[in-house]
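# output the structure for:
(2 chains)
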Amino acid sequence: MAEAGGAEALEALVAFGRRLRARGLVVGTDRILTFCRAVAVLGIGDREDLYWAGRLAIVSRPEDLAVYDEVFDAWHRGASGMGLAAPDPDRVRRELAGGPGGAAVGAPTGEESRPPGERAGDPAVARVVASAIEVLRERSFADLTDEERARVDRLIRRLRVRVPLERSRRTRPSARGPRWDLRATLRRSLRTRGEPLERVWRIRRARARPLVLLLDVSGSMGPYARALVQFGFAAMATGRRVEVFCFGTRLTRVTPLLRRRDPDRALAEIGRAVADWEGGTRIGASLKELLEGWSQRAALRGAVVVLCSDGLERGDPALLRAQMARLRRLAHRVVWANPLKGSPRYEPLARGMAAALPSVDVFLSGHDLASLEELAEAVGR
Amino acid sequence: MTPVSGLPFASVDDLQGRLEAHRYLADRGLATAIFLALSLDKPLLLEGEAGVGKTEVAKVLAELLGRRLIRLQCYEGIDAAQALYEWDYARQLIAVRAMEAAEAERHVEDLFGPAFLVERPLLAAIRSGDQAVLLVDELDRADDEFEAFLLEILSEFAVTIPEVGRVAAARPPAVVVTSNRTRELHDALKRRCLYHWIDHPDLDREVAIVRARAPQVPERLAREVAAAVERLRRLDLAKAPGVAETIDWASALAFLGAARLTPALAADTLGAVIKDHEDRELVVERLAEVVGDG
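Next comes the predicted model:
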């Protein structure tokens, strides 16, 4: 199989993988190896064979198909002049083992550093800090100085968000019923010469419900959006089944970004990922996107959904009303946090808010630390 | 082209033709995917909207290769006992009871012999090796723990049953994994597989599929139904109809003796293709537009 030109072809195939990686696809060494093996089976002459070999071996999400098509096109036009021949897989393996740019490993980021004053220790310091926090608790996010904001951010990240439990289909051993565990009963009966004296039971396991956070990052939410993202960090700590989305005119899933440990870097990346940061708001349309995306829909079933928005809808209120009703049918509980509600004179008259309210279980504000504590509480009830 | 030993297909084209002979119309991408999965001994992971024929791939492959189809349907809470093997506890209990106390001492070993082992799909697949096609259906419904367990099985195709010993496949079975993508599968699993996203077929292919699957449907009706379904998919529906729905709808119409699709007939048989209350309301309003004028 190793014909003349094989080395050159191999280089071209590997370069293709690197190009895809540069465009954000997850392309590990093993995938490139599979790609090369596939090319070895199909031959390298036919453009369509090459296309499918790469697509089947490397792409694993429909979202990546557009990028793949584009990169493949450019690459194939550049590579076809080289007289490609199928590479030898053993060579591929050797090449990949030694070469640079193997499986990319993200460098772990350091723990966040805290100012010494907030560490436990000197009781006098602790008192001063406590009263300072008390003041900060009820100051609207819109009125904070940069320094205060940094401190409030840390406090929000430390909020304990609890999620209510649901019963899973999985079972665990238990002292009482309702399910008889035949396997364990029989095992135990062997100790008593086959006489099942002791019966063993199982019950259904309880697990945390999924938590879905939808954060409005449109222009009118500017002062609050940052704090809400911090709340997202706090929520991520509750467990594995947490999803966080940002929306303005369209929806962006930011869950993977919040898994980073460094909140400032994560915030910056969310800013890049969310194209319409501080643009207008189309809540109804964003919800629809959420409800119709196949992979998100399942996360909503039985979930606690927290929507943080001022409800100043630019789209059609009827659409918002219908989508909220759908959401309500799917979710366990819908919580809406509206920073405007922090003002004593606020009434939910905005057409969007009025349309959404019938489908909201808990309606509260989200404009200061105290109200986010309340929110953390409401999620767990 | 490197000839692949043990494979009954010479090329992707050959495979495509054979699939067609078994009334499964695969496009070039899917045929290549199947060809490569068999050549490279890798599981094939198929994702796509409901009803695009993911499960069918495994069935037709088993037919084509003359192998046994072993199906593992996933669901929430599925675990190793339901997927791999389990002891027949009730039988064991009875057997223990039937023994004399003194005898039992000597026969405890027998209780964990082959006679009491209940074989579940994964064990069956391991034992059958390359005589089987293993279909792991709707893996997205199982939970993460099960996915990790499956990954282990897929990489080894061997299992150790403490009481019996190690069971291993000499040659791995062909494996097709499907997912409706209600959640994202783990990257580790995806990396082990060849991945193919099945799209809705284009109009001509869909007509051909309907004709192949439901030969009693006249050509003209098949084309009109497929065109109507294509328009339905462009509407903003919560549950877009799949190919399975197209076939159902066309069969229902043919059964009623229809030669053409009219708005009135479409309204009567809409339940075959639209299965969501709100979608139905939306479609009924635009029925004339959906059915078109042929």
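# nearest residue to A:P223 in space, ignoring adjacent ones along the chain?
A:A142 (3.9 Å; Cβ to Cβ, 6 or more residues apart in numbering or on different chains). Any C-beta I mention is one placed from the backbone N, CA and C, and that applies to glycine too.
# nearest to chain A: which residue in the stretch 101-250 of chain B?
B:T182 (3.6 Å; Cβ to the nearest Cβ).
# related to what we said a few turns ago, sec struct for the residue nearest to A:P223, please.
helix (DSSP: H, G, I helix; E, B strand; the rest coil).
# ok, it - how many residues close by?
Residues contacting A:A142 under the criterion other Cβ atoms under 10 Å in any protein chain shown number 13.
# wouldn't it be in contact with A:A225 here?
No: assessed by Cβ atoms under 8 Å, A:A142 is found out of contact with A:A225, at 11.2 Å.
# walk me through the domains of chain B.
B:12-76+B:121-198, B:85-119, B:203-285 (automatic domain parsing).
# which stretch among those comes nearest A:V163?
Proximity to A:V163 (Cβ to Cβ) singles out domain B:12-76+B:121-198 among those, at 16.8 Å.
# now the stretch 101-250 of chain A against chain B: closest residue?
A:R169 (2.7 Å).
# counting by contacts, list what the helix or strand where that residue lies packs against.
Using DSSP states H and E, A:R169 sits in strand A:165-174. The helices and strands touching strand A:165-174, judged by 3 or more Cβ pairs under 8 Å, 6 or more residues apart in numbering or on different chains; DSSP states H and E, are strand A:201-208.
# which residue is the nearest non-sequential neighbour of the residue of the stretch 101-250 of chain A closest to chain B?
Once flanking residues are discounted, A:R169 sits nearest to B:G77: 2.7 Å by Cβ to Cβ, 6+ apart.
# can you name the residue of chain B nearest to chain A?
Closest contact between chain B and chain A, by Cβ to the nearest Cβ, is at B:G77 (2.7 Å).
# share the number of residues neighbouring the closest residue to B:D143 other than its chain neighbours, please.
Spatial nearest neighbour of B:D143, excluding adjacent residues (Cβ to Cβ, 6+ apart): B:E76 at 6.5 Å. When counting by other Cβ under 10 Å, one arrives at 11 neighbours for B:E76.
# now the angle from whatever helix or strand A:R187 lives in to strand A:201-208?
Applying DSSP H and E as the criterion places A:R187 in helix A:182-189. Taking axes from the mean of the first three to the mean of the last three Cα atoms, to 10 degrees, one finds that helix A:182-189 is oriented at 130 degrees with respect to strand A:201-208.
# A:W336 reaches A:S309, doesn't it?
Yes: between A:W336 and A:S309 there is a contact under Cβ under 8 Å: 7.4 Å.
# the more surrounded of those two?
Using other Cβ under 10 Å as the criterion, A:W336 and A:S309 rank with A:S309 on top: 30 against 26.
# and that one, how far from chain B?
Distance check for A:S309 against chain B: by Cβ to the nearest Cβ, to the nearest Å, it reads 23 Å.
# just the helices in the stretch 151-294 of chain B please.
Secondary structure of the stretch 151-294 of chain B, counting by DSSP state H, counting those that start in this stretch: helices at B:187-192, B:203-213, B:219-234, B:243-255, B:263-269, B:277-285, B:287-291.
# contact partners for A:R149?
By Cβ atoms under 8 Å, 6 or more residues apart in numbering or on different chains, the contact set of A:R149 is A:141, A:226.
# quick check: it is in a helix.
Yes: per three-state DSSP, A:R149 lies within a helix segment.
# need the pLDDT of it.
At A:R149, the model reports a pLDDT of 77.
# any low-confidence regions in chain B?
B:1-6, B:100-106, B:293-294 (pLDDT under 70).
# just to revisit the earlier point, what about the helix holding A:R187, near chain B?
Yes: applying Cβ under 8 Å from any Cβ of the partner chain, one finds helix A:182-189 touching chain B at A:182-183, A:185-186, A:189.
# quick check on the residues you listed: which are buried?
For the residues of helix A:182-189 next to chain B, a neighbour count by 16 or more other Cβ atoms under 10 Å in any protein chain shown gives the buried set as A:182, A:185-186, A:189.
# is the residue nearest the centre of chain B in a helix, a strand, or coil?
Chain B has B:T55 as the residue nearest its centroid, 2.0 Å off, counting by Cα atoms, centre = their mean. Counting by three-state DSSP, the backbone at B:T55 sits in helix.
# my read: it touches B:V133, true?
No: using Cβ under 8 Å as the test, B:T55 is too far from B:V133 to be in contact (11.6 Å).
# quick one: residues contacting A:V242.
Taking Cβ under 8 Å, 6+ apart, one finds A:210-213, A:235-236, A:255 in contact with A:V242.
# pLDDT weak spots in the stretch 51-200 of chain A?
The stretch 51-200 of chain A contains residues with pLDDT under 70 at A:79-137.
# who in it is up against chain B?
Taking Cβ under 8 Å from any Cβ, the part of the stretch 51-200 of chain A that reaches chain B is made up of A:52-53, A:55-57, A:59-62, A:65, A:86, A:168-171, A:182-183, A:185-186, A:189-190, A:193-194, A:196.
# and the closest residue to B:D79 other than its chain neighbours, what element?
Leaving out its chain neighbours, the residue that sits closest to B:D79 by Cβ to Cβ, 6+ apart is B:F146, at 6.6 Å. Using DSSP H and E, B:F146 sits in helix B:144-156.
# helices or strands next to that helix in the packing?
Short answer (3+ Cβ pairs under 8 Å, 6+ apart): helix B:144-156 packs on helix B:80-83, helix B:121-128, helix B:187-192.
# if we can go back for a sec, give me the buried subset of the residues of the stretch 51-200 of chain A next to chain B.
A:52-53, A:55-57, A:59-62, A:86, A:170-171, A:182, A:185-186, A:189, A:194, A:196.
# spit out the contact partners of the residue of the stretch 101-250 of chain A closest to chain B.
A:204, B:75-77.
# cutoff 10 Å now
Taking Cβ atoms under 10 Å, 6 or more residues apart in numbering or on different chains, we find A:R169 in contact with A:204-205, A:207, B:75-79, B:143.
# between those, identify the one with the most neighbours.
B:I78 (22 neighbours).
# excluding its backbone neighbours, what's nearest that residue?
Excluding its sequence neighbours, the residue lying closest to B:I78 (Cβ to Cβ, 6+ apart) is B:A142, at 5.0 Å.
# what count of nearby residues applies to the one you found?
Using other Cβ under 10 Å, B:A142 has 24 other residues around it.
# can you check B:V12 too?
A total of 24 residues lie near B:V12 under the criterion other Cβ under 10 Å.
# residues in contact with the helix holding B:F146?
With contacts defined as Cβ under 10 Å, 6+ apart, helix B:144-156 is touched by A:170, A:240-241, B:42-43, B:72, B:74-80, B:82-84, B:122-123, B:125-126, B:134, B:136, B:139-140, B:142, B:158-159, B:168-169, B:172, B:175, B:177, B:183, B:185-186, B:188-189, B:191-193.
# switch to 7 Å and redo it
Helix B:144-156 is contacted from outside by B:43, B:78-80, B:122, B:136, B:139, B:159, B:175, B:185-186, B:188-189, B:192, using Cβ atoms under 7 Å, 6 or more residues apart in numbering or on different chains.
# just stretch B:122-129 next, same as before
Stretch B:122-129 is contacted by residues B:68, B:70, B:72, B:83-85, B:132, B:134, B:153, B:157-159, B:167-173 when judged by Cβ under 7 Å, 6+ apart.
# give me that answer again for 10 Å
Counting by Cβ under 10 Å, 6+ apart, B:67-68, B:70-72, B:80, B:82-86, B:117, B:119, B:131-136, B:149-150, B:153-154, B:156-159, B:161, B:167-175 sit against stretch B:122-129.
# and the residue nearest the centre of chain A?
Nearest to the geometric centre of chain A sits A:T255, at 1.8 Å (Cα atoms, centre = their mean).
# let me know whether that residue touches A:V244 as I believe.
Yes: contact criterion Cβ atoms under 10 Å: A:T255 and A:V244 qualify, at 5.1 Å.
# spit out the residues that contact the two alike.
Taking Cβ under 10 Å, 6+ apart as the contact rule, A:T255 and A:V244 both touch A:212-213, A:232, A:236.
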